[in-house]
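A.B. asks: heads up, no residue letters with this:
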């Protein structure tokens, strides 16, 4: 799980060009608003990046609970881990 979180943080910093270090992003820090400041366009990009980074195909059905999935790095990592077990 830690490896997934680190890959996600690196992806967020590198691909979304966050002006943050990997170490400064807490696992439970909100991705949106007062947290990392991401927006809805970023969430779409994150889905595409996850598919590429982890060689996954994410269906719209799997994204039903976006508020829970995109809450923070930990919930995003939990989501990716679940998808990887289904692979």
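C.D. replies: Nice, I can see it. Since we're looking at a predicted model, the values are computed, not measured.
A.B. asks: Local confidence estimate at the nearest residue to residue 35 once chain neighbours are set aside?
C.D. replies: Leaving aside its sequence neighbours, residue 35 sits nearest to residue 29 (Cβ to Cβ, 6 or more residues apart in numbering; 4.8 Å). C-beta here means a position set from N, CA and C on the backbone, and glycine is covered the same way. We have a pLDDT of 96 for residue 29.
A.B. asks: which phi and psi does residue 29 have?
C.D. replies: phi -80, psi 130 (degrees, to the nearest 10).
A.B. asks: How many residues are close by it?
C.D. replies: 15 (other Cβ atoms under 10 Å).
A.B. asks: mind listing what it touches?
C.D. replies: 35, 36, 72, 73 (Cβ atoms under 8 Å, 6 or more residues apart in numbering).
A.B. asks: What residues of the helix or strand of the chain with the lowest mean pLDDT count as buried?
C.D. replies: Sorting the helices and strands of the chain by mean pLDDT, DSSP states H and E puts helix 66-69 at the bottom, at a mean of 92. By neighbour count on 16 or more other Cβ atoms under 10 Å, the buried set for helix 66-69 is residue 69.
A.B. asks: what's the spacing between the helix or strand following that helix and its chain's center?
C.D. replies: For helix 66-69, the following helix or strand on the C-terminal side (DSSP states H and E) is helix 73-86. Centroid separation between helix 73-86 and its chain, computed with Cα atoms, centre = their mean, to the nearest Å, is 9 Å.
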